[in-house]
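> Curious how this folds, go ahead:
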Amino acid sequence: MKRIIDEILDGKDLFVVLESNKSRPYKESYNLDTIIMKDGLFWGKFQSVHSPIGHPIDTVTPLAYAYNNFADVVCTMSYTDRIQRYVTTKIYSRIQFKTKGDFKLAIDGCSTAKYIKYDLLNSSVENALKIKLVICEDNDVIHIVSVHTIELHNDEVNFSIDTNFESVPSLLYNFSYFMGLENKFNKFLIDSENVSTKYLKESDFSLISYTISENNIYKNSLNKDGVIDCVAIDFKWFKVFCEV
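Residues are numbered from 1 along each chain as shown. Down below sits the predicted model:
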């Protein structure tokens, strides 16, 4: 697992391969474009594109899933409907994280950008290649999120970046909670292979969405009135990687 962690911190894409344990086994895989990490523990989330058809909840909005490397728990979520649900990974006979892709470091920044490879950024823009932000905030939580828009200025010095607009249940940051939830699930697995929580409605969500402008980093957040604010944040470091 250390190799996986090192590789995603070096910009590689994370994905998960799943095999079911049903009577007719099947295999599937998902790209996990948004990552929350602390002390080597992480959640990896795919985009909100999963059809709600077949799920035991009345919703017409797409769902997203998140998988982790520390507890046998999978998260299903919908930011639009403010719902979250957790199910045991024992519905799978295999759950395996892998990495892929070739990426190079384009920006290495602390409080100010101290390394910018403009030609690499320019090549990524010209060829519509993947760009991603890896940022360690002051609380030592690392977020990895895809860049949606990057604007390169003609002076080859200044740039601005907007990442994808992502969100996860705030509960996901409480890693120890899910270690306890895994233990609770295991107590019921003797009688059932499909143990889960109910869909939890009106859940709190946290946004994972950044803007970088002139070496300042801003993060979108929901204020107490449910309105999105763009607030300058303190951070320990950030890196921008480009696909090559």
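> Return the distance of the helix or strand of the chain with the lowest mean pLDDT from the chain's centre.
Least confident helix or strand of the chain, by mean pLDDT, DSSP states H and E, is strand 113-116 with a mean of 75. With C-alpha atoms, centre = their mean, to the nearest Å as the basis, strand 113-116 stands 25 Å off its chain's centre.
> So which elements touch that strand?
With contacts defined as 3 or more C-beta pairs under 8 Å, 6 or more residues apart in numbering; DSSP states H and E, the packing partners of strand 113-116 are strand 103-109. For glycine as for every other residue, the C-beta is placed from the backbone atoms N, C-alpha and C.
> Domain parsing of this structure, as residue ranges.
What automatic domain parsing lists as the domains of the chain is 2-99+171-199, 102-166+206-243.
> Give me the below-cutoff pLDDT ranges for this protein.
Filtered on pLDDT under 70, the chain yields the residue ranges 111-113, 156-157, 190-193.
> ok, back up a step: columns mean neighbour count on top of the domains of the chain, output as CSV?
As requested, the domains of the chain are exported to CSV (neighbours: other C-beta atoms under 10 Å):
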stretch, mean neighbour count
domain 2-99+171-199, 16
domain 102-166+206-243, 16
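> does Glu182 count as helix, strand or coil?
Under DSSP: H, G, I helix; E, B strand; the rest coil, Glu182 falls in the helix class.
> OK, contacts around it?
Contacts for Glu182 (C-beta atoms under 8 Å, 6 or more residues apart in numbering) come out as 71-73, 88.
> May I see those arranged in TSV, with secondary structure and distance to Phe241 as well?
Formatted as TSV, the contacts of Glu182 follow (DSSP: H, G, I helix; E, B strand; the rest coil; distance: C-beta to C-beta, whole Å):
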residue	secondary structure	distance to Phe241
Ala71	coil	28
Asp72	coil	30
Val73	strand	29
Thr88	strand	34
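> And the contacts of the biggest strand by length in the chain?
Identified as the longest strand of the chain according to DSSP state E is strand 142-152. Contacts of strand 142-152 with the rest of the structure, by C-beta under 8 Å, 6+ apart, involve 8-9, 14, 33-38, 118, 121-122, 124-125, 130-137, 159-166, 208-210, 240.
> How about stretch 49-62?
With C-beta under 8 Å, 6+ apart, stretch 49-62 has contacts from 48, 63-65, 76, 78, 80-81, 83, 85, 199.
> In PDB, list the C-alpha atoms belonging to it.
Provided in PDB are the C-alpha atoms of stretch 49-62 (Å, rounded to 0.1, in the frame of the first residue of the first chain):
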ATOM      1  CA  VAL A  49     -22.300   9.900 -12.500                       C
ATOM      2  CA  HIS A  50     -23.800   6.700 -11.100                       C
ATOM      3  CA  SER A  51     -27.500   6.000 -11.900                       C
ATOM      4  CA  PRO A  52     -29.800   5.900  -8.900                       C
ATOM      5  CA  ILE A  53     -31.900   3.200 -10.700                       C
ATOM      6  CA  GLY A  54     -32.000   0.100  -8.500                       C
ATOM      7  CA  HIS A  55     -31.100   1.900  -5.300                       C
ATOM      8  CA  PRO A  56     -33.600   1.800  -2.400                       C
ATOM      9  CA  ILE A  57     -34.100   5.600  -2.300                       C
ATOM     10  CA  ASP A  58     -36.400   8.000  -4.100                       C
ATOM     11  CA  THR A  59     -34.000  10.200  -6.000                       C
ATOM     12  CA  VAL A  60     -33.500  11.200  -9.600                       C
ATOM     13  CA  THR A  61     -30.000  12.700  -9.200                       C
ATOM     14  CA  PRO A  62     -26.800  10.800  -9.900                       C
END
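> can you give me how far that stretch is from the chain middle?
20 Å.
> With stretch 212-224 instead?
With C-alpha atoms, centre = their mean, you get 17 Å for stretch 212-224.
> Would you map the helices across the chain?
2-9, 118-126, 175-188 (DSSP state H).
> Perfect, I'm done here.
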